[in-house]
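Chemist: Mind looking at a prediction? Sequence and model below.
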Amino acid sequence: MKRCLVTGATGFIGSHVVHQLLGEGWQVLSVSRNAAPTISQNHKHIALDLHDPAAVEQVVESQRPSHLIHLAWEATPGKFWHSKENFRWVSSSAFLLDAFIRHGGEKAVLAGSCAEYKWENRPLDEEKSPLNATTYYSASKLAFKDLAEVIARDISLIWARIFFPYGPDEDQNKLISYIFREISADRLPVIQTPDRAVDMIHVEDVSAALEKLAASDATGTINICSGNAHLPHEIALEFSKLMGKPALEKSLRNSVETHHAIITIRGTNKKLADLMGGQLRNTLAQGLRTYLPPSSTAK
């Protein structure tokens, strides 16, 4: 049975990845700084500081995973863009990848970011779009990508550029959670960037994609995105319809007609769609519905 090491396993994306892998029949070795409960007989969790090389070596050598999905990184909301912790993650991630390969690892899926791209008002393509690191976070991700391609030249490697994941268990300061709270309270959300449309992808689709990438023969850089960009007021309007808020819906329709995208951050997802065998499971409306209790959905 395939055994996958998942780092950042108690984080927003990582927790979904663990469940996705187990559902697809993998053995899962999950690690994070803190202890976590065992989910099934095919799951083992180890509390591990990935910045401790000796501890990393011991775990990888003793467990010998065949696959790696590396998600752990500096992710403190509001701080990660310019945090110097990003620098530590480059070296710690490189050591982890090297240990994984030395102890029999066969395939690694490493989490990149759409922040590596130069954001232009055109679809961001894995092969054609220019890169332009402007923060400690994006520069560190790109530095690790270059290093990883050298370290992992003898195994299969995926660089997964994740766009804007969302889901009901995300950090409550995230945009969609804020909009959901405001619409739920019959208030119009105050939008700081009403003219910026971004490519949102539900965390369930992210986890399904990462599992599929690990299981496939695919290699190289692949965007993890929906291929569609939405303005904040479009998201708010969709929530108002789902929750049956006609007064808010009327006002938000006017906002949608007023605001047009000046900045659009959208990825191409042909590679991902081909790999997944078609469309992602969640449209925007389906993804937003996961924030609502079943009884809250408008008929």
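Modeler: That came through fine.
Chemist: Check the secondary structure at Glu204 for me.
Modeler: With DSSP: H, G, I helix; E, B strand; the rest coil as the basis, Glu204 sits in helix.
Chemist: ok, and the closest non-adjacent residue to Ile222?
Modeler: Lys271 (4.9 Å; Cβ to Cβ, 6 or more residues apart in numbering). No exception for glycine: its C-beta is placed from N, CA and C like everyone else's.
Chemist: Can you give me the buried ones in whatever helix or strand that neighbour lives in?
Modeler: Using DSSP states H and E, Lys271 maps to helix 270-276. For helix 270-276, a neighbour-count test (16 or more other Cβ atoms under 10 Å) marks 271-272, 275-276 as buried.
Chemist: Also stretch 63-83?
Modeler: With the criterion 16+ other Cβ under 10 Å, stretch 63-83 contains buried residues 65-75, 80, 83.
Chemist: Give me the mean pLDDT for that stretch.
Modeler: Regarding stretch 63-83, the rounded mean pLDDT is 95.
Chemist: and that stretch, how far apart are its ends?
Modeler: Separation of the first and last residues of stretch 63-83 by Cα to Cα, to the nearest Å is 32 Å.
Chemist: which ones are touching the residue nearest to Ile222?
Modeler: 126, 218, 222-223 (Cβ atoms under 8 Å, 6 or more residues apart in numbering).
Chemist: what's the burial count for the nearest residue to Ala208 once chain neighbours are set aside?
Modeler: With sequence-adjacent residues excluded and distances taken as Cβ to Cβ, 6+ apart, Ala208 is closest to Gln20, at 5.8 Å. Neighbours of Gln20 under the rule other Cβ atoms under 10 Å: 23.
Chemist: Does anything pack onto the helix or strand harbouring Gln20? Which helices or strands?
Modeler: If you go by DSSP H and E, Gln20 is part of helix 12-23. Counting contacts by 3 or more Cβ pairs under 8 Å, 6 or more residues apart in numbering; DSSP states H and E, helix 12-23 packs against strand 3-7, strand 27-32, helix 203-215.
Chemist: Format the ones you listed as JSON lines; extra columns: mean neighbour count.
Modeler: Formatted as JSON lines, the helices and strands packed on helix 12-23 follow (neighbours: other Cβ atoms under 10 Å):
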{"stretch": "strand 3-7", "mean neighbour count": "25"}
{"stretch": "strand 27-32", "mean neighbour count": "24"}
{"stretch": "helix 203-215", "mean neighbour count": "23"}
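Chemist: Please tabulate the ones you listed in JSON lines, including the columns mean pLDDT.
Modeler: Below are those laid out as JSON lines (pLDDT from 0 to 100):
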{"stretch": "strand 3-7", "mean pLDDT": "98"}
{"stretch": "strand 27-32", "mean pLDDT": "98"}
{"stretch": "helix 203-215", "mean pLDDT": "97"}
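Chemist: can you put these in TSV and add distance to Ser91?
Modeler: As requested, the helices and strands packed on helix 12-23 are exported to TSV (distance: least, Cβ to Cβ, whole Å):
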stretch	distance to Ser91
strand 3-7	15
strand 27-32	17
helix 203-215	23
